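A.B. asks: Would you be able to build a 3D model of this:
(2 chains)
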There are 2 protein chains.
Amino acid sequence: MRAGGLHAAHATVCYRENFLETARNIFQWREMFRRHCDLIMPGLSAEDVFAARDSGRTAIFFGAQNCSAAEGDPRMISVLHFTGARFMQLTYNRKTAFAGGCLDKTDGGVSEAGRAAIWEMNRLGMVLDLSHIGERSFFEAIKISRRPPAVTHANPKFWLDIPRNLSDSALRALSEAGGMLGLSLYPHHLRGGSKCALRSFCEMTARLAEITGAENIGIGSDLCRGRPDTVLAWMREGKHWKKKMEKPPAFPPQPKWFRSAADFGNLAEGLAAAGFNAKECEGILGENWLRFFIKSFPPQR
Amino acid sequence: MRAGGLHAAHATVCYRENFLETARNIFQWREMFRRHCDLIMPGLSAEDVFAARDSGRTAIFFGAQNCSAAEGDPRMISVLHFTGARFMQLTYNRKTAFAGGCLDKTDGGVSEAGRAAIWEMNRLGMVLDLSHIGERSFFEAIKISRRPPAVTHANPKFWLDIPRNLSDSALRALSEAGGMLGLSLYPHHLRGGSKCALRSFCEMTARLAEITGAENIGIGSDLCRGRPDTVLAWMREGKHWKKKMEKPPAFPPQPKWFRSAADFGNLAEGLAAAGFNAKECEGILGENWLRFFIKSFPPQR
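C.D. replies: Numbers count the residues shown, from 1 in each chain, chains lettered A, B, ... in the order given. You can find the predicted model right below:
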């Protein structure tokens, strides 16, 4: 991250963990903040990004990719916020007490508890993350939320039509709500997978900007380094994974132009080649998220 | 508290609340810290007492009078510590997953989960509070704990023989472990109740000092002001209170020489009259707790 010039990064602290397991993930990060205080620091507000920049470090913002940490109780969200979480998804692929998931056959929409959860997140200054959600729930959640949501890591369906990517109408609704889309660099979200060309990714970004405006686009790399393949089955299906019946999934190799956060320079070159001007490139590579952080993290009554 | 010159106070955030209810009590305090930042501030370490003194404020240290906030899981204690709790009892009168209570007919001692809880508290720098515990559990807990415990609010049985007060052998074990006793000013813990004389209280303190040493004595007033009587039934028996069968309890009037924290000056006069020198008086009225805070709150591996 230092090599890539990143002053802020989002770290996942919950896929399907309950409250206590999520808190312990966060506490492990706190230990890392102590041990590596020359490299990283906690990210709780937009100001922390400036502090990280001024001290040559990266501010780590915690996000939950699921609401399992809230254990079905919207009141738990304030405790998660207090422990440091700044993003939360209502679902991770599958339905929860709050909403429907993008891999569910049916999506019943946002529940009453989910509505309360969204308003609690709005109040606290925790970003509603609509990645991995079902499409019906997506549109309902955007209407319910009183503050701009984000899709932290996904790509447009017009480029690769998979359930995790966003339709044109979803993209439009997101940007009309002032929301951000973080472009994913996870091979399963890329056209051509691991062999996706940088040029294809950046041309997709240019077409996307015509729908959403360049100012609502950022990077949400979905990068997962140094973790064993076994964790992937658990991420996808948790305890429901039928170990003996199916071949467990493996992490695909990253495209060679984005192997790690050190490769952000390649994205800058690619975006410039696709026609973005310097200001737009800076926006997509960080300034847009920073502006979003400034408006999203202060609590509201 | 300002009128009484208190730079630190213990506030109860849990009697029988579960984790979430306790967290919400703590968050209500955080709101009060914001609203009354000229009077109070959070107390998380001994240094905060000096900061409070230097800014003319009172540092509020959170304590749980029960382990219900941990919901039977010793791992939850780290989250409670993170939210600000610095004291925790294993029991509040009645048996819990961790130990036996002082009002139980039988006390089975400290459980394996209770042992893990004590060691987790030792590690974090959360004070093991042995108020309201059964006598067998009291002696077992003292043996298990690797750091000095406290009895934050109780008096000696030799002065008033009730289950909540401590026998001579308990007093001896506590001081031998380097533990503190906070003397209670709750009328039900005083000889003569609301009519207890200051002189009787201070003479008890002098006799106590012969057993424990004056350096292990502090004040733990158990003061409960401005709360309706109805809360008392809930404190004592929670949902088990037989509302229709018995007359609900009422808060007794405070002795007239200790109606509020503003009356600490009366204690100073009374202790001096009972033969304590100036240094001993200062110790009992605050310095002993401060020294205990200095050694008790830093985390240990």
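
A.B. asks: now residue A:272, nearest residue through space, not along the chain?
C.D. replies: residue A:281 (5.8 Å; Cβ to Cβ, 6 or more residues apart in numbering or on different chains). Placement of C-beta: from N, CA and C, glycine included.

A.B. asks: So the one you found is in contact with residue A:270, correct?
C.D. replies: No: under the criterion of Cβ atoms under 8 Å, residue A:281 is not in contact with residue A:270, lying 9.5 Å apart.

A.B. asks: Surely residue A:65 touches residue A:92?
C.D. replies: Yes: the pair residue A:65 / residue A:92 is scored as a contact, 5.0 Å apart, by Cβ under 8 Å.

A.B. asks: Can you tell me the element the closest residue to residue A:290 other than its chain neighbours falls in?
C.D. replies: The shortest distance from residue A:290 to any non-neighbouring residue, by Cβ to Cβ, 6+ apart, is to residue A:49 (5.8 Å). Assigned by DSSP states H and E, residue A:49 belongs to helix A:46-54.

A.B. asks: by contact count, what packs against the following helix or strand past that helix?
C.D. replies: Downstream of helix A:46-54, the first helix or strand assigned by DSSP H and E is strand A:58-64. Contact here means 3 or more Cβ pairs under 8 Å, 6 or more residues apart in numbering or on different chains; DSSP states H and E; on that basis strand A:58-64 packs against strand A:8-14, helix A:19-35, strand A:40-42, helix A:46-54, strand A:85-89.

A.B. asks: mean confidence for strand A:58-64?
C.D. replies: Strand A:58-64 comes out with an average pLDDT of 98.

A.B. asks: Tell me which helix or strand comes right after it.
C.D. replies: Once the chain leaves strand A:58-64, the next helix or strand it forms, by DSSP H and E, is helix A:76-83.

A.B. asks: Give me the contact list for that next one.
C.D. replies: Contacts to helix A:76-83, defined as Cβ atoms under 8 Å, 6 or more residues apart in numbering or on different chains, come from residues A:19, A:22-23, A:26, A:64, A:69-70, A:88, A:117, A:120-121, A:124-126, B:20, B:23-24, B:27, B:79, B:82-83.

A.B. asks: Would you mind listing where chain A has pLDDT under the threshold?
C.D. replies: Within chain A, the stretches with pLDDT under 70 are A:239-246.

A.B. asks: Quick one: name the residues of it near chain B.
C.D. replies: Within chain A, the positions adjacent to chain B are A:20, A:23-24, A:27, A:73, A:75-76, A:78-79, A:82-83 by Cβ under 8 Å from any Cβ of the partner chain.

A.B. asks: Kindly recompute the last result at 6 Å.
C.D. replies: A:20, A:23, A:75, A:79 (Cβ under 6 Å from any Cβ of the partner chain).

A.B. asks: Can I get these in CSV including neighbour count?
C.D. replies: Listed next are the residues of chain A next to chain B as CSV, based on neighbours: other Cβ atoms under 10 Å in any protein chain shown:
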residue, neighbour count
A:20, 17
A:23, 25
A:75, 15
A:79, 25
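
A.B. asks: how many neighbours does the residue of the stretch 151-300 of chain A found nearest chain B have?
C.D. replies: Nearest residue of the stretch 151-300 of chain A to chain B: residue A:299, at 10.8 Å (Cβ to the nearest Cβ). Using other Cβ atoms under 10 Å in any protein chain shown, residue A:299 has 10 neighbouring residues.
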